[in-house]
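Participant: need a structure here:
(one chain, ligands or ions: 1)
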Amino acid sequence: MKKIVLFILVVFIFGVFGNIGAISSTDYENLISEQKELENELSSIESLIQEKNEEILELEQEKELALVAAAKKVEEEKLASEAAAKAQEEAKKQETASTQTAGSSTTQSSSNQSTSTQSSSSQSSTTQSEATQQSEAVVNETSQMVWIKGSDATIYHSSSTCSRMKTPTQITLEKANTSGMRACQKCY
Ligand SMILES: [Zn+2]
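Facilitator: Numbering: from 1, shown residues only. Take a look at the predicted model:
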């Protein structure tokens with residue numbers, strides 16, 4: 001690069017002055033000194049360029065470092081967010097699990113309750129029906145009324161119109177049984 005620039009300069013100078021033979025020694029010396037000056041300038045420019053290049057390199061290194069740092073930071077942030085997301089997910093899972101457990105336990109307890117309610121209600125209804133049956137039996141034995149024909153009847157009837165009774169008498173079944181009467185085979 002340095003050589004090319006010098007060559008161009010020399011060509012330029014020759015071009016300006018046309019013929020090297022026409023140049024005097026003073027002029028030549030002047031030109032030489034000018035060339036040296038230019039050379040110095042060039043070298044200073046080159047050193048400046050090198051400086052700038054070094055600066056650029058430094059900047060690039062800094063940039064790289066910054067990028068690495070940024071990447072690291074991003075990575076760290078990503079990790080942190082991932083960890084946070086994981087923690088959140090776990091918390092959610094736990095919550096869901098606890099909710100599920102609570103829900104299932106609630107369901108269980110409610111079903112238990114309903115079962116117990118059902119069994120108790122069915123029990124109470126059974127008791128009631130048993131009581132009703134018992135009371136019916138008591139009514140049957142103690143206060144069911146039957147019909148007989150006259151005071152010396154041997155047969156009792158459940159219907160007052162059975163066997164064309166004209167003046168039927170109503171007595172309790174218990175009394176009829178204790179009197180040795182039999183049930184009418186037509187109406188019983
Ligand atoms: Zn009868």
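Participant: Could you list the domains of this structure?
Facilitator: The chain breaks down by automatic domain parsing into domains covering 1-76, 141-188.
Participant: pLDDT on the first one, on average?
Facilitator: Summarised as a single mean, pLDDT over domain 1-76 is 82.
Participant: Show the residue spans covered by the strands in the protein.
Facilitator: 145-149, 155-157, 168-172, 182-183 (DSSP state E).
Participant: now these in TSV, with mean neighbour count and mean pLDDT?
Facilitator: For glycine as for every other residue, the C-beta is placed from the backbone atoms N, C-alpha and C. Output for the strands of the chain, formatted as TSV (neighbours: other CB atoms under 10 Å; pLDDT from 0 to 100):
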stretch	mean neighbour count	mean pLDDT
strand 145-149	20	94
strand 155-157	23	95
strand 168-172	15	94
strand 182-183	13	95
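Participant: would you turn these into TSV with distance to Leu79?
Facilitator: What follows is the strands of the chain, written out as TSV (distance: least, CB to CB, whole Å):
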stretch	distance to Leu79
strand 145-149	97
strand 155-157	102
strand 168-172	98
strand 182-183	98
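Participant: how about the ones you listed, which one is nearest the ion?
Facilitator: strand 155-157 (3.4 Å; CB to the ion).
Participant: if we can go back for a sec, out of the domains of the chain, the one nearest the ion is which?
Facilitator: domain 141-188 (2.8 Å).
Participant: so, in contact with the ion or not, that closest one?
Facilitator: Yes - against the ion, domain 141-188 shows contacts by CB under 5 Å from the ion at His157, Cys162, Cys184, Lys186, Cys187.
Participant: Tell me the spacing between the spatially closest residue to the third one that is not a sequence neighbour and Pro168.
Facilitator: Nearest residue to Cys184 in three dimensions, chain neighbours excluded: His157, at 4.5 Å (CB to CB, 6 or more residues apart in numbering). In this structure, His157 and Pro168 are 7 Å apart, going by CB to CB, to the nearest Å.
Participant: Quick one: name the residues of this protein near the ion.
Facilitator: Looking at the ion, the residues of the chain close enough under CB under 5 Å from the ion are His157, Cys162, Cys184, Lys186, Cys187.
Participant: Nearest to Ala71 among these?
Facilitator: Cys187 (108.8 Å; CB to CB).
Participant: Ser158 is in contact with the closest one, correct?
Facilitator: Yes - between Cys187 and Ser158 there is a contact at 4.7 Å, judged by CB atoms under 8 Å.
Participant: Just list the residues touching the nearest residue in space to Ser151 that is not next to it in sequence, thanks.
Facilitator: Closest residue to Ser151 apart from its sequence neighbours, by CB to CB, 6+ apart: Thr169 at 7.1 Å. Counting by CB atoms under 8 Å, 6 or more residues apart in numbering, Thr169 touches Trp147, Ile148, Lys149, Gly150, Ser151, Ala153.
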